[in-house]
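Undergrad: build me a model:
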Amino acid sequence: MTQVNRRERDRSGTDRDIRRQARELLVTQGPQAVTLRAIARELGITAPALYRYYASREDLIAHLRADVCADLAVGLGKALAEVPQTDHIGQVLAICRGFRAWALHHPQEFALVFASPAAAPGENCAIAAADTGTESFGQIFLTVAGRVLATGILLAKPDEPVPTDMRADLTRFRDDLVVNMAATGVAVPSELVGVGTAYAMLRFWVRLYGQVALEVFGQFPFPVSDAEPMFESMLDDLVRDVGLR
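TA: Predicted structure coming up:
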């Protein structure tokens with residue numbers, strides 16, 4: 001093995017150690033505990049040495065978010081593999097239930113990715129984890145949504161209910177959806193994804209996220225011993241509202 005290859009191997013190993021320690025601090029102490037100084041202390045190296053790997057704490061956090069999203073995507077991918085692609089309702093329910101289950105079992109990771117400001121717009125789980133070779137969380141969602149829309153089983157949602165002040169933003173969102181769904185390998189005719197459909201998808205996500213966040217952070221207005229029946233009732237409403245049931 002050449003000296004260059006050994007250096008590359010050592011650098012790769014140290015990078016993995018840094019991310020592993022960052023993840024451990026995140027899980028055991030929360031996002032605020034993930035600092036370059038704390039990681040350096042745990043690894044027995046100097047804080048300045050970490051700057052050879054990450055330009056700043058924000059840089060490390062961005063990569064940590066990508067790692068978390070990649071892990072979430074792998075888990076959801078496994079759940080989807082157990083449901084036939086032709087079972088559109090089953091696929092939608094599997095990804096929603098999988099997201100909730102992951103969030104409840106990984107509250108600190110959920111807080112980092114979904115409940116703290118990102119360094120850049122859309123950074124959270126839209127980051128493609130290129131160094132892990134896995135799909136991003138967003139790609140998993142878009143793949144399922146694209147498959148459903150491409151079948152034509154959902155009637156295009158009318159644009160009339162869309163708030164006027166949101167039309168410009170939703171139009172850009174709709175255009176991005178078409179492009180990003182095509183990137184997952186699912187070509188959806190643009191006429192099946194109108195502004196009204198994009199609005200319906202946004203509302204779907206907002207309700208799903210809201211329910212999960214309330215559970216993760218224990219923010220129901222009164223003690224709830226078992227929130228699963230409420231979650232399942234909400235899912236039933238969501239799939240019916242978008243026309244799947």
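Undergrad: could you use CA atoms for every contact and neighbour count after this?
TA: OK.
Undergrad: so L26 touches F110, yeah?
TA: No - here L26 lies out of contact with F110, judged by C-alpha atoms under 8 Å, at a distance of 10.5 Å.
Undergrad: joint contacts of the two?
TA: Contact criterion C-alpha atoms under 8 Å, 6 or more residues apart in numbering; residues shared by L26 and F110: none found.
Undergrad: and A227, what does it touch?
TA: E215.
Undergrad: can you list contacts of stretch 17-36?
TA: Contact with stretch 17-36 is made by 39, 42-43, 47, 50, 56-57, 60, 64, 106, 108-109, 111-112, as judged by C-alpha under 8 Å, 6+ apart.
Undergrad: just the buried residues of that stretch, please?
TA: Of the residues in stretch 17-36, 18-19, 21-23, 25-27, 30-31, 33-36 count as buried by neighbour count, 16 or more other C-alpha atoms under 10 Å.
Undergrad: could I have the CA atoms of it written out in CSV?
TA: Provided in CSV are the C-alpha atoms of stretch 17-36 (Å, rounded to 0.1, in the frame of the first residue of the first chain):
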residue,chain,number,x,y,z
ASP,A,17,-14.8,8.6,14.0
ILE,A,18,-15.8,12.3,14.0
ARG,A,19,-19.2,11.6,12.6
ARG,A,20,-19.8,8.7,14.9
GLN,A,21,-18.8,10.8,17.9
ALA,A,22,-21.0,13.6,16.7
ARG,A,23,-24.0,11.2,16.4
GLU,A,24,-23.3,9.9,19.9
LEU,A,25,-23.3,13.4,21.4
LEU,A,26,-26.5,14.2,19.5
VAL,A,27,-28.3,11.1,20.7
THR,A,28,-27.2,11.3,24.3
GLN,A,29,-27.1,15.0,24.9
GLY,A,30,-29.0,16.7,22.1
PRO,A,31,-28.1,18.9,19.1
GLN,A,32,-26.6,21.7,21.3
ALA,A,33,-24.0,19.3,22.6
VAL,A,34,-22.5,18.7,19.1
THR,A,35,-19.5,21.0,19.0
LEU,A,36,-16.1,20.6,17.5
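Undergrad: what average pLDDT does it get?
TA: Stretch 17-36 shows a mean pLDDT of 94.
Undergrad: return the distance of that stretch from the chain's centre.
TA: Averaging C-alpha positions (C-alpha atoms, centre = their mean, to the nearest Å) puts stretch 17-36 19 Å from its chain's average.
Undergrad: swap in stretch 88-106?
TA: On C-alpha atoms, centre = their mean, the centre of stretch 88-106 falls 12 Å from that of its chain.
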